[in-house]
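**Student:** Sequence first, predicted coordinates after that:
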Amino acid sequence: MARPPERPGFPARIDLGPRPALAKRPAPGVPPASAAARVPAPAALPGAARDPIPARARMVQALAASGIHDPEVLRAMGAVDRHRFVDHALVAQAYEDTALPIGLGQTISKPSVVARMVELLMQGVARGADGRPGRVLDIGTGCGYQALVLAQLASEVYSVERLRELHEKARANLRPLRVPNVHLIVGDGMQGFASGAPYAGIVSAAGGDKVPEAWIDQLAYGGRIVAPTVQAGGAQALVVIDKTRQAIRQTVLEGVHFVPLKSGVS
């Protein structure tokens, strides 16, 4: 008999600091401001003046230059210490735009890929009165980096990892930070996590032949899924799924390369 997913783990609590005011949306017919005008430079991000890691500020600047325009996403990327989530021997590469090994054949995704997927998610999810999405489901916790980025944008993050060793690594990475709104679960990510549903958004760091029906079932109306899936010919592409009461709409975007989505717990 398959083991049920373990109850969420709560690494603890942290004050993530004040959130900047959300930018107002332009009125119909009014062209949006340029990215340079809307996105604060890294030096203007909260705490950046005291940032002891210039490489992190340069990473955020590169993300903005590459087309990541949401200031909330840029703030989140600039607030998380990526070097805490990689092996000591790879710290010098932590803020380069590259995937890095984290053990067991898994990787921490490129910053540009994390930012792209999180921005896509934020563009399509329903938000509460505070401007934040509600619960978000993170498939493939890995080392915990993406879960922490999401935690600064969403009210709650449920993050599922099928490999117990990586789950424990993520717990060890997050425990000193005392994060109140990240819940770590050992479980089969293909089954989602029904106990936390419905979710405003679901994002996956692993790609399968299709988006599991369980994810669509657990997605709230007005919610969005961002995940890699295998397309014709065997290559992966990012897929965005929007769920309304009237329909399920799927959009295929650019090619990506993620680890395979697998079932079971080990």
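**Tutor:** Received it, and whenever you're ready, just let me know what you need.
**Student:** Check the gap between the nearest residue to His257 once chain neighbours are set aside and Pro176 for me.
**Tutor:** Computed as Cβ to Cβ, 6 or more residues apart in numbering, the closest residue to His257 that is not its neighbour in sequence is Gln236, at 6.0 Å. C-betas here are computed from N, CA, C, even on glycine. In this view, Gln236 and Pro176 are 34 Å apart by Cβ to Cβ, to the nearest Å.
**Student:** more crowded one of the two?
**Tutor:** Neighbours were counted for Gln236 and for Pro176 using other Cβ atoms under 10 Å; Gln236 has more, 19 against 11.
**Student:** thinking again about what came up before, quick one: contacts for the residue nearest to His257?
**Tutor:** 207, 228-230, 255-258 (Cβ atoms under 8 Å, 6 or more residues apart in numbering).
**Student:** Which single one of these is nearest to Gln218?
**Tutor:** The shortest gap between Gln218 and any of the contacts of Gln236 belongs to Thr229, at 17.1 Å (Cβ to Cβ).
**Student:** Would you mind naming the residues that pair with that closest one in a beta bridge?
**Tutor:** Gly208, Ala237 (DSSP bridges).
**Student:** Tell me if I'm right that it and Ala235 touch.
**Tutor:** No. Counting by Cβ atoms under 8 Å, Thr229 does not reach Ala235; the two are 10.2 Å apart.
**Student:** wait, which of the contacts of Gln236 is closest to Ile102?
**Tutor:** Phe258 (13.4 Å).
**Student:** Now do the closest one: how many residues are near it, please.
**Tutor:** Neighbours of Phe258 (other Cβ under 10 Å): 21.
**Student:** Just list the residues touching it, thanks.
**Tutor:** With Cβ under 8 Å, 6+ apart, Phe258 has these contacts: 109, 204-207, 228, 236.
**Student:** one step back: quick one: which of Thr229 and Ala235 has more around it?
**Tutor:** The neighbour comparison of Thr229 against Ala235 (other Cβ under 10 Å) goes to Thr229, with 20 against 12.
**Student:** if I look at that one, how far off is Ala206?
**Tutor:** 10 Å.
**Student:** Residues that sit against both of these two, list them.
**Tutor:** With Cβ under 8 Å, 6+ apart, Thr229 and Ala206 have no common neighbours.
**Student:** quick one, strands of the stretch 51-200 of the chain?
**Tutor:** Secondary structure of the stretch 51-200 of the chain (DSSP state E, counting those that start in this stretch): strands located at 100-103, 106-108, 135-139, 156-161, 182-186, 199-204.
**Student:** Adding mean neighbour count, distance to Thr251 and mean pLDDT, write those out as a markdown table.
**Tutor:** Listed next are the strands of the stretch 51-200 of the chain as a markdown table, based on neighbours: other Cβ atoms under 10 Å; distance: least, Cβ to Cβ, whole Å; pLDDT from 0 to 100:
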| stretch | mean neighbour count | distance to Thr251 | mean pLDDT |
| --- | --- | --- | --- |
| strand 100-103 | 16 | 29 | 95 |
| strand 106-108 | 20 | 25 | 95 |
| strand 135-139 | 27 | 19 | 98 |
| strand 156-161 | 27 | 24 | 98 |
| strand 182-186 | 24 | 28 | 98 |
| strand 199-204 | 27 | 15 | 98 |
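**Student:** can I get those strands in CSV with distance to Arg224?
**Tutor:** CSV is the format used below for the strands of the stretch 51-200 of the chain (distance: least, Cβ to Cβ, whole Å):
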stretch, distance to Arg224
strand 100-103, 26
strand 106-108, 23
strand 135-139, 10
strand 156-161, 15
strand 182-186, 20
strand 199-204, 5
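**Student:** ok, the closest residue to Asp138 other than its chain neighbours - contacts?
**Tutor:** Nearest non-adjacent residue to Asp138, counting by Cβ to Cβ, 6+ apart: Ser159, 4.0 Å away. Applying Cβ under 8 Å, 6+ apart, we find Ser159 in contact with 137-138, 141, 144, 146-147, 170, 182-185.
**Student:** Alright, that wraps it up for me.
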